[in-house]
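Asks: Give the three-dimensional model of this entry:
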Amino acid sequence: MTSKRKHRLPRRYSEGVIARLDRRYREVRDVRQGTAQILADRGHTADHPPSLLLRRLAQRCAYFDTLLERDEADMLEGKPVNMPRYLAVATAWLRMVQQIGLDRVPGPVLSLRERLLAESGNGKEVTAP
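Replies: Numbering: from 1, shown residues only. Down below sits the predicted model:
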């Protein structure tokens, strides 16, 4: 029995495409992990979520990155690659990367007290021994 969910990335991006793909497959996991890493590098956490536009841009950037990796793997194996499409995807990916930024941005800084409270998980004040 096979999954009814798709496991290969489609050639065209559409809204919600990643959510419809089967997470058991490497390319799907790569896009999801790439998106999470881009947002983490930009200083976003669960407590400090990104804007909708940045989240979508990061997802598209990770999606295009995975498409480029697939084409590059095909090239290394001697398989034919649609070079005009590859170059168009690479150009679009580069523009997205420039919009997102290459430098890591520190996330919100917690005070020692806030960090201890967060790590204790119970929301009660932690006292030093």
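
Asks: you'd agree R104 is up against I38?
Replies: No: judged on C-beta atoms under 8 Å, R104 makes no contact with I38 at a distance of 10.4 Å. C-betas here are computed from N, CA, C, even on glycine.

Asks: Any stretches of this protein with poor pLDDT?
Replies: Along the chain, the parts satisfying pLDDT under 70 run over 1-19, 107-110, 122-129.

Asks: Am I right that C61 is in a helix?
Replies: Yes: assessed with DSSP: H, G, I helix; E, B strand; the rest coil, C61 lies in a helix.

Asks: Tell me how many other residues crowd it.
Replies: Residue neighbour count, defined by other C-beta atoms under 10 Å, stands at 22 for C61.

Asks: separation between it and Y86?
Replies: Distance, C61 to Y86, using C-beta to C-beta, to the nearest Å: 16 Å.

Asks: show me where this structure has helices.
Replies: Along the chain, counting by DSSP state H, helices occupy 17-20, 26-41, 52-76, 83-100, 112-120.

Asks: The residue most central in space within the chain and A58, how far apart?
Replies: By C-alpha atoms, centre = their mean, the chain has its centre lying nearest to T35, at 0.8 Å. From T35 across to A58, the span is 5 Å (C-beta to C-beta).

Asks: again with E69
Replies: Where A58 is concerned, E69 sits at a distance of 16 Å (C-beta to C-beta).

Asks: out of these two, which sits in the more crowded spot?
Replies: For E69 versus A58, the count of surrounding residues by other C-beta under 10 Å is larger for A58: 24 against 13.
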